[in-house]
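Undergrad: could you work out the structure for the sequence below:
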Amino acid sequence: MVSVEQRLSKVEQRASRLEGQYEHLATKADLERLQSRLVMWLVGVGIAEVAAIVALLQIFGEK
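TA: Next comes the predicted model:
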């Protein structure tokens, strides 16, 4: 029969291995920073698209 100490030792070993595997995953704070950066990029690209369309309309539009 396996003793409680042996089972606890195995559980601790498995838990330490699992903790090591999660170090590379993103945290909530990382995801919030990413979200704000993506929103800024999307707004910037949208403004650039509008500016490009206006410029093209001025160049090739009806006079």
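
Undergrad: report how many residues lie close to V54.
TA: 11 (other C-beta atoms under 10 Å). C-beta here means a position set from N, CA and C on the backbone, and glycine is covered the same way.

Undergrad: now do L25
TA: Residues near L25, counting by other C-beta under 10 Å: 7.

Undergrad: just the pLDDT for it.
TA: According to the prediction, L25 has pLDDT 83.

Undergrad: L57 now?
TA: pLDDT, L57: 94.

Undergrad: so it: helix, strand or coil?
TA: helix (DSSP: H, G, I helix; E, B strand; the rest coil).

Undergrad: quick one: it and A51, what's the gap?
TA: 11 Å (C-beta to C-beta, to the nearest Å).

Undergrad: can you tell me the element the spatially most central residue of the chain falls in?
TA: Against the mean C-alpha coordinate of the chain, by C-alpha atoms, centre = their mean, the closest residue is L31 at 4.6 Å. In this structure, L31 is located in helix 28-60 according to DSSP states H and E.

Undergrad: now do that helix: distance to the chain's middle.
TA: 18 Å (C-alpha atoms, centre = their mean, to the nearest Å).

Undergrad: what of stretch 56-63?
TA: With C-alpha atoms, centre = their mean, you get 40 Å for stretch 56-63.

Undergrad: using CSV, write down the CA coordinates of that stretch.
TA: Extracted C-alpha coordinates of stretch 56-63, given in CSV (Å, rounded to 0.1, in the frame of the first residue of the first chain):
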residue,chain,number,x,y,z
LEU,A,56,-7.5,59.8,-54.0
LEU,A,57,-10.9,61.5,-54.5
GLN,A,58,-9.2,64.9,-54.7
ILE,A,59,-6.7,63.6,-57.3
PHE,A,60,-9.1,61.5,-59.4
GLY,A,61,-12.5,62.8,-58.5
GLU,A,62,-14.8,64.9,-60.6
LYS,A,63,-13.7,68.5,-61.1
